[in-house]
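A.B. asks: below are the sequence and a predicted model for it; my questions follow.
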Amino acid sequence: MSPTRPRSVLSVIVAVVIAGLLASCSNGSSTVTFSTSTAPATSAAATSAVPSSSTADESVAPTKLVVGLGYIPSVQFAQFYLAQQRGYYAEAGLDIEFQNKIDENLIPLVGQGAIDVGIGDGTSVIPAASNGIPIEYVATIYGKFPNIVFAKASSGIKTAADLKGKKIGIPGRYGSGWIMLQALLASANLTPDDVEIVEYPDFTQEIAVEQGAVDAATGFANNEPIQLKLHGGTPVVLTIDAITPLPGPGLIASSATLAAKHDAVASFVAATLHAMADIKADPSVGLDAALKAVPELASARAAQAAILAATIATWSGPVQDGRGLGAIDRDGWATSITFLGILRLVKNPVTADQLVRDDLLPPGD
């Protein structure tokens with residue numbers, strides 16, 4: 001049992017939003033900058049990165065976009081690295097700076113325009129927007145919600161009900177993983193008070209599961225269970241898919257940024273989706289791009305290839321299978337707003353039409 005009752009999720013989100021808006025952009029983050037304003041690659045793949053109407057005029061200075069990715073540079077961001085390395089962004093007239101942020105900092109920074117484009121999912125966007133943060137979701141990256149709870153098969157954990165009384169490792173009481181865990185517990189009539197929460201702010205909860213320090217942990221379907229399996233364990237994965245179709249992470253921007261840089265953000269979306277299609281057709285190009293961008297990953301190439309394969313599998317859900325990469329499931333967003341309202345995470349009423357827009361997707365999506 002947890003020795004103290006955690007603060008409500010809503011109070012955590014409000015505190016995070018206020019703290020993030022007051023914080024300096026450099027707090028709690030690392031920054032990785034890739035200059036994409038150099039001449040684009042001359043390969044056939046690069047020259048077809050975006051529609052001809054989006055091709056940059058060489059006499060016009062490129063538009064600078066600061067793009068917020070997850071906290072740790074990873075093969076999971078291979079599409080962004082590939083688009084940069086093949087010149088897709090540069091050809092679209094963009095100069096991209098990547099910054100790596102944890103979720104609780106990224107959302108408010110996008111809202112205030114300090115970061116032009118970031119990655120966020122419904123469990124982050126809906127509560128933040130209901131608290132007045134002016135952000136909108138413009139393209140799906142993960143068609144399948146990737147947050148999960150995982151454990152060793154030897155733990156005996158098979159369902160959410162089996163988590164009662166168990167130690168569960170989490171990075172912190174914030175973000176999509178924390179909300180997913182509460183939703184998963186609620187599906188078995190449990191709350192965080194019915195388990196023992198152990199925080200791993202350095203994201204080492206997978207190691208804690210391996211070593212038996214905790215019984216289970218939150219993570220991503222395309223990361224921690226893969227690591228556990230590669231290290232000889234047999235993972236059990238609990239998902240929230242059967243409970244509610246939460247929207248997976250996608251590209252977000254503030255309303256002000258979209259008004260000022262609409263065409264640039266649309267070009268960024270098109271170039272990124274083009275790189276995703278390249279990687280889906282040939283995963284090796286994504287792996288090579290990630291290893292080039294983050295050389296230290298090369299020491300575990302086989303593991304990175306396995307993580308990338310699992311990542312690609314999460315890019316397409318039913319909506320993306322039918323309409324293409326990047327397509328947005330508006331019905332899923334509406335359902336999620338209702339579900340998060342039940343969890344008391346929606347402070348003020350919001351609708352899918354307020355949070356989601358399709359006009360930045362390439363034609364056909």
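C.D. replies: Perfect, I can see it now. Numbers count the residues shown, from 1 in each chain.
A.B. asks: domains for this protein, by residue range?
C.D. replies: Per automatic domain parsing, the structural domains of the chain span 13-144+247-355, 146-238.
A.B. asks: would you turn those into CSV with mean pLDDT and distance to Leu361?
C.D. replies: The way it works is simple: take the backbone N, C-alpha and C, and place the C-beta from them, glycine included. CSV is the format used below for the domains of the chain (pLDDT from 0 to 100; distance: least, C-beta to C-beta, whole Å):
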stretch, mean pLDDT, distance to Leu361
domain 13-144+247-355, 84, 5
domain 146-238, 94, 21
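A.B. asks: need those domains in JSON lines (columns: distance to Gly364).
C.D. replies: Formatted as JSON lines, the domains of the chain follow (distance: least, C-beta to C-beta, whole Å):
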{"stretch": "domain 13-144+247-355", "distance to Gly364": "6"}
{"stretch": "domain 146-238", "distance to Gly364": "25"}
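A.B. asks: need the ones you listed in a markdown table (columns: mean neighbour count).
C.D. replies: Shown next, in a markdown table, are the domains of the chain (neighbours: other C-beta atoms under 10 Å):
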| stretch | mean neighbour count |
| --- | --- |
| domain 13-144+247-355 | 19 |
| domain 146-238 | 19 |
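A.B. asks: wait, Leu251 touches Tyr137, no?
C.D. replies: Yes: counting by C-beta atoms under 8 Å, Leu251 does reach Tyr137; the two are 7.3 Å apart.
A.B. asks: just the helices from the stretch 151-300 of the chain, written as ranges.
C.D. replies: For the stretch 151-300 of the chain, the helices defined by DSSP state H, counting those that start in this stretch cover 175-186, 205-211, 224-230, 255-260, 262-281, 283-293.
A.B. asks: how far away from the center of its chain is stretch 222-232?
C.D. replies: 19 Å (C-alpha atoms, centre = their mean, to the nearest Å).
A.B. asks: how about residues contacting it?
C.D. replies: Contacts of stretch 222-232 with the rest of the structure, by C-beta atoms under 8 Å, 6 or more residues apart in numbering, involve 76, 146, 148, 150, 152, 205-206, 209-210, 217, 219, 234-235, 237, 302-303, 306-307, 310-311, 313-314.
A.B. asks: what helix or strand is Leu106 on?
C.D. replies: If you go by DSSP states H and E, Leu106 is part of helix 103-111.
A.B. asks: so what's Phe77 up against?
C.D. replies: 69-70, 98, 290, 293.
A.B. asks: at 10 Å instead, please
C.D. replies: Phe77 sits next to 32, 67, 69-70, 98, 100, 119, 141, 286, 289-290, 293-294, 311 when contact means C-beta atoms under 10 Å, 6 or more residues apart in numbering.
A.B. asks: export the helices of the stretch 151-300 of the chain to TSV and tack on distance to Pro349?
C.D. replies: Below are these laid out as TSV (distance: least, C-beta to C-beta, whole Å):
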stretch	distance to Pro349
helix 175-186	19
helix 205-211	35
helix 224-230	35
helix 255-260	17
helix 262-281	26
helix 283-293	40
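A.B. asks: between those, which one is closest to Gln354.
C.D. replies: Between Gln354 and the helices of the stretch 151-300 of the chain, the shortest separation by C-beta to C-beta is 9.7 Å, and it involves helix 255-260.
A.B. asks: that closest one packs against which elements?
C.D. replies: helix 103-111, strand 135-140, strand 250-254, helix 262-281 (3 or more C-beta pairs under 10 Å, 6 or more residues apart in numbering; DSSP states H and E).
A.B. asks: what's in contact with that helix?
C.D. replies: With contact meaning C-beta under 10 Å, 6+ apart, helix 255-260 is reached by 65-66, 110-117, 129, 133-136, 138, 252-254, 264-266, 354, 357, 359-360.
A.B. asks: please repeat the previous calculation with a cut-off of 7 Å.
C.D. replies: 113, 116, 134, 136, 265 (C-beta atoms under 7 Å, 6 or more residues apart in numbering).
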